[in-house]
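**Q** pasting the sequence and the predicted model now:
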Amino acid sequence: MAVRLLLRTSSYAVRLARLNTIPGNALQAMGTLKVILVNSEMKATGLERQVLQAMKKGQDPYSIFKPKEYAGTKEDPHIVPCIGSKRLVGCLCEEDNTAIVWFWLHEGNPQRCPSCGSH
């Protein structure tokens with residue numbers, strides 16, 4: 001039974017191969033084909049495409065870039081972007097500190113870190 005099935009499928013495959021041959025004039029040399037390499041901008045859709053287009057223009061719509069560094073003084077305080085009227089922020093206070101001091105910033109007057117006093 002298995003031999004009969006194998007012979008039947010192999011003869012069918014041979015007939016299909018004879019029917020589906022490519023004529024000689026349809027072949028094209030590889031050197032004449034035009035190849036387009038697709039980059040990430042061409043593949044991107046939706047939100048990813050909007051972000052890539054904004055980055056190309058130098059904008060940062062979703063705060064992806066590293067924020068600008070400020071001195072943290074009264075004359076040059078840290079600017080914290082926020083959608084609402086208050087935001088929870090963290091301060092490292094010192095470069096090698098491992099504990100983060102968390103506190104709320106409210107819209108209006110400049111506020112200081114309760115631990116180190118940075119603006």
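**A** Sure thing, it's come through.
**Q** okay, the spatially closest residue to Glu107 that is not a sequence neighbour: pLDDT?
**A** Excluding the flanking residues, the one nearest Glu107 by Cβ to Cβ, 6 or more residues apart in numbering is Ser85, at 4.4 Å. Heads up, the C-betas are built off the backbone N, CA and C, glycines and all. Looking at Ser85, its pLDDT is 87.
**Q** tell me where the protein has helices.
**A** Taking DSSP state H to define them, one finds helices in the chain at 2-19, 40-43, 46-57.
**Q** elements contacting the shortest one?
**A** Yep, that's helix 40-43 we're talking about. Packing contacts for helix 40-43, counted by 3 or more Cβ pairs under 8 Å, 6 or more residues apart in numbering; DSSP states H and E, involve helix 46-57.
**Q** go on, the last one?
**A** Helices and strands in packing contact with helix 46-57 are listed as helix 40-43; criterion 3+ Cβ pairs under 8 Å, 6+ apart.
**Q** quick one: mean pLDDT over the helix it packs on.
**A** 81.
**Q** CA atoms of it as CSV?
**A** In CSV, the C-alpha atoms belonging to helix 40-43 read as follows (Å, rounded to 0.1, in the frame of the first residue of the first chain):
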residue,chain,number,x,y,z
SER,A,40,13.8,50.5,9.3
GLU,A,41,12.2,53.7,8.0
MET,A,42,10.6,51.9,5.1
LYS,A,43,9.3,49.1,7.3
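**Q** what's in contact with it?
**A** Contacts of helix 40-43 from elsewhere in the structure, counted by Cβ atoms under 8 Å, 6 or more residues apart in numbering, are 49, 52.
**Q** for Glu69, see how far away the residue positioned nearest the centre of the chain is.
**A** What sits nearest the mean C-alpha location of the chain, by Cα atoms, centre = their mean, is Glu48, with 6.2 Å. Per Cβ to Cβ, to the nearest Å, Glu48 is found 28 Å from Glu69.
**Q** distance check, Ile83 against Ser63.
**A** Relative to Ser63, Ile83 is positioned 11 Å away (Cβ to Cβ).
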